[in-house]
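Novice: sequence and predicted structure below; questions after.
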Amino acid sequence: MAEREAGRQSDAIARRGLMLVLSSPSGAGKTTLSRLLLADPAVTLSISVTTRAQRPGETDGAHYHFIDRARFDAMVRNSELLEWAEVFAHRYGTPRAPVEQALASGRDVLFDIDWQGTQQVREKARHDLVSVFVLPPSARELERRLHTRAQDSDEVIRGRMAKAADEMSHWAEYDYVIVNRDIDQAFAQLRAILAAERLKRERQTGLSDFVRAVQAEL
């Protein structure tokens, strides 16, 4: 079994990884889908940099890379960020270098960013980007899920529901849309998207060598 697996890996055609963006209103299932997807060893999570203070329980380099404002501003000036935003007086951004390294090694990078961050990434790396928007089956079901999580007060849930309308208005800007009626079905659809995008000719960087090798055997 191990020998067969090693053989399959050695026969694999080299490919460039892709940037996979998942966006959704809170409660639509993005966090669960991301967790399931990260079980794939070929998928890694993009770790953002932030100027906010490290909170108890957070690990530098795992939850965020915590940096000061001067370093963040320098990264912006030097085009070291694929996207960035300021939220409640703190800045957050996606470092370009580790993403490029992962893509070059054939690993896919998962992004947890909103529609505005997705637009910035699209402007800088359109050919590497695959964007997926996750929708709830209905507003009533979205509200039910938010209450079921038991993480937020009624006031916070009302705020999330109000924000959801604006977030969902950007669905047409994404490459794919998944309606999460059932998490298993939604994950199967997400896996299908990933499998198809990995097989795109332009991402299979070793395809020319593979074809030439096969032709040489004829």
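Specialist: Received it, and whenever you're ready, just let me know what you need. On a predicted model such as this, the values are computed, not experimentally measured, just so you know.
Novice: list the contacts of the closest residue to residue 14 other than its chain neighbours.
Specialist: The shortest distance from residue 14 to any residue other than its chain neighbours is 3.2 Å, reached at residue 206 (Cβ to Cβ, 6 or more residues apart in numbering). Bear in mind the C-beta positions are built from the backbone N, C-alpha and C, glycine included. Applying Cβ atoms under 8 Å, 6 or more residues apart in numbering, one finds that residue 206 lies in contact with 13-15.
Novice: got JSON lines for these, with pLDDT and secondary structure too?
Specialist: Output for the contacts of residue 206, formatted as JSON lines (pLDDT from 0 to 100; DSSP: H, G, I helix; E, B strand; the rest coil):
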{"residue": "13", "pLDDT": "95", "secondary structure": "coil"}
{"residue": "14", "pLDDT": "95", "secondary structure": "coil"}
{"residue": "15", "pLDDT": "97", "secondary structure": "coil"}
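Novice: return the member of the residues you listed nearest to residue 41.
Specialist: residue 15 (14.6 Å; Cβ to Cβ).
Novice: show me the contacts for the closest one.
Specialist: Residue 15 touches 106, 198, 203-206, counting by Cβ under 8 Å, 6+ apart.
Novice: thinking again about what came up before, which of the contacts of residue 206 lies closest to residue 217?
Specialist: For those, the nearest to residue 217 is residue 13 (15.7 Å; Cβ to Cβ).
Novice: does the closest one touch residue 213 like I think?
Specialist: No - using Cβ atoms under 8 Å, residue 13 is not in contact with residue 213, being 10.3 Å away.
Novice: so those two - more neighbours on which side?
Specialist: residue 13 (15 against 10; other Cβ atoms under 10 Å).
Novice: quick one, helices of this structure?
Specialist: With helices called from DSSP state H, the chain shows them at 2-11, 30-37, 69-77, 96-104, 115-125, 139-149, 154-168, 183-198, 207-217.
Novice: between those, which one is nearest to residue 57?
Specialist: Across those, closest to residue 57 is helix 30-37 (Cβ to Cβ), at 17.1 Å.
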